[in-house]
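**Student:** model this:
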Amino acid sequence: MTEENNSSVDTSLEAPKPKKALSFFSILSFIAGIGTYVWFFGMVSSKPILTFLLTPFFALIAVISGHKGRHDIRKSLADMKGKTLANIGLMLGYVIILTGIFIIVLAVMGVVTIAGLLGS
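**Tutor:** Numbering: from 1, shown residues only. Below is the predicted model of the structure:
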């Protein structure tokens with residue numbers, strides 16, 4: 001009868017798994033990426049100069065902190081989480097940066113075209 005009682009008792013000595021920490025830089029990247037769009041679309045009608053000057057700054061924060069967050073997560077050997085947040089922040093930051101570069105190229109092409117038309 002004592003054998004039956006011993007077989008039902010869990011004798012495994014597994015340590016509880018610690019909770020994974022959330023990467024600070026992943027959170028910062030996500031917030032900066034979302035904040036870039038909120039800042040741009042919320043302020044573009046009221047203060048366009050300030051908006052166009054600060055939006056790339058927020059996008060750079062999103063990109064730099066996203067790369068730092070991904071690096072920290074990869075280096076932690078699965079002790080950290082937040083890779084999805086870092087990826088979203090990276091994507092949002094890069095989209096704003098590439099859109100800004102595209103707008104600058106279009107503006108330069110427009111100025112060159114107008115200067116060429118006025119010069120001839």
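**Student:** mind checking how far the residue most central in space within the chain is from residue 74?
**Tutor:** The chain has residue 89 as the residue nearest its centroid, 1.5 Å off, counting by Cα atoms, centre = their mean. Using Cβ to Cβ, to the nearest Å, residue 89 is found at 16 Å from residue 74. For the C-beta atoms, the positions are set from N, CA and C on the backbone; glycine is no exception.
**Student:** hmm, back to that, what helix or strand does the residue nearest to the centre of the chain sit in?
**Tutor:** helix 83-119 (DSSP states H and E).
**Student:** which helices and strands sit right next to that helix?
**Tutor:** helix 24-43, helix 48-75 (3 or more Cβ pairs under 8 Å, 6 or more residues apart in numbering; DSSP states H and E).
**Student:** Quick one: list the elements packing against the shortest one.
**Tutor:** Judged by 3+ Cβ pairs under 8 Å, 6+ apart, the packing partners of helix 24-43 are helix 48-75, helix 83-119.
**Student:** In CSV: these, plus distance to residue 38 and mean pLDDT.
**Tutor:** Converted to CSV, those look like this (distance: least, Cβ to Cβ, whole Å; pLDDT from 0 to 100):
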stretch, distance to residue 38, mean pLDDT
helix 48-75, 9, 91
helix 83-119, 11, 94
